[in-house]
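Participant: Kindly return the folded structure for what I paste below:
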Amino acid sequence: MSAHIDGSGERRPAAGILALSMPYQVVAAVALAALAVLACLHLAMVFLHVAPSNTITKQHGQAVDDWIYPEFEQNWKLFAPNPLQQNVAVEVRAEVADASGTRRTTGWIDLTAQDVEDVRGSVFPSHTQQNQLRRAIDWYGNAHDDEGRPKGMRGRLSEQYMRRIVLPRIEGPEARADVGGTVQRVQIRRVVRPVQAPHWSTEKRSTTPSISTMPWWDITDADRSRTETSR
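Facilitator: The predicted structure is shown next:
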């Protein structure tokens with residue numbers, strides 16, 4: 001054990017990293033340095049993500065996006081000159097098979113409404129309940145083209161991510177809706193409902209909802225195992 005001599009000339013046990021033997025001091029110092037470098041790298045990536053387009057982001061924008069999405073995405077629309085003026089709902093329906101093997105299709109289940117019900121009146125609402133579905137559907141839209149085709153690996157990952165979010169909500173012990181069988185396929189849609197203009201405004205705004213429907217996705221044992229692992 002390391003020791004040091006204090007002002008009175010007495011030897012006292014060292015504290016902190018100095019209390020470790022030299023090899024462990026080296027390991028601790030390297031670990032702290034690595035954490036410091038990682039923290040600086042993360043702050044730099046977040047800064048480049050939210051900063052206006054510049055030389056670095058033009059050359060290395062893909063690397064920045066790969067670091068940020070989907071866990072660290074930043075959204076400043078609350079403070080924008082024109083904040084969001086629409087409500088977005090994520091709905092799902094499923095093709096299920098009962099014990100006899102008969103298949104049927106459920107009606108549309110509003111997953112966003114379930115989250116809103118959970119957070120309404122809560123003093124400390126869950127960040128997941130508030131943002132998981134919204135961020136997931138935004139990521140899916142950004143990772144697919146106008147024809148609904150995935151843009152490379154990120155597009156396919158966004159589809160897997162959506163399935164992993166939706167599946168436990170309609171099947172298993174955490175399901176809020178009893179679909180009455182084993183889920184074979186799911187289909188998700190995004191329903192955008194514009195917020196009506198306030199009575200004192202002269203703005204004319206259509207409140208007709210727009211609906212974007214995704215293709216049917218097969219549910220495999222791999223989807224279920226990944227869902228169980230993420231819980």
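Participant: can you give me the helices in this protein?
Facilitator: Secondary structure of the chain (DSSP state H): helices located at 22-50, 55-68, 111-119, 127-142, 152-170, 221-230.
Participant: Specify the angle between the longest one and helix 55-68 in degrees.
Facilitator: Using axes from the mean of the first three to the mean of the last three Cα atoms, to 10 degrees, one finds that helix 22-50 and helix 55-68 are set 110 degrees apart in direction.
Participant: which parts of helix 22-50 are buried?
Facilitator: Residues 45-46, 48-49 are the ones in helix 22-50 that count as buried (16 or more other Cβ atoms under 10 Å). No exception for glycine: its C-beta is placed from N, CA and C like everyone else's.
Participant: Then the second one?
Facilitator: Taking 16+ other Cβ under 10 Å as the basis for neighbour counts, the residues of helix 55-68 that come out buried are 57, 64-65, 67-68.
Participant: And for the shortest one?
Facilitator: Within helix 111-119, the residues that qualify as buried by neighbour count (16+ other Cβ under 10 Å) are 111-112, 115.
Participant: Would you point out which residue is most central in the protein?
Facilitator: Among the residues of the chain, the one closest to the centroid is Gln132, at 4.9 Å (Cα atoms, centre = their mean).
Participant: which regions of the protein sit below the pLDDT cut-off?
Facilitator: The chain contains residues with pLDDT under 70 at 1-18, 75-84, 226-231.
Participant: okay, the buried residues of helix 55-68 in a markdown table with distance to Ser158 next?
Facilitator: Shown next, in a markdown table, are the buried residues of helix 55-68 (distance: Cβ to Cβ, whole Å):
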| residue | distance to Ser158 |
| --- | --- |
| Thr57 | 22 |
| Val64 | 18 |
| Asp65 | 13 |
| Trp67 | 16 |
| Ile68 | 14 |
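Participant: out of these, who's nearest Pro215?
Facilitator: Asp65 (24.5 Å; Cβ to Cβ).
Participant: contacting residues for the closest one?
Facilitator: Going by Cβ atoms under 8 Å, 6 or more residues apart in numbering, Asp65 touches 49, 154.
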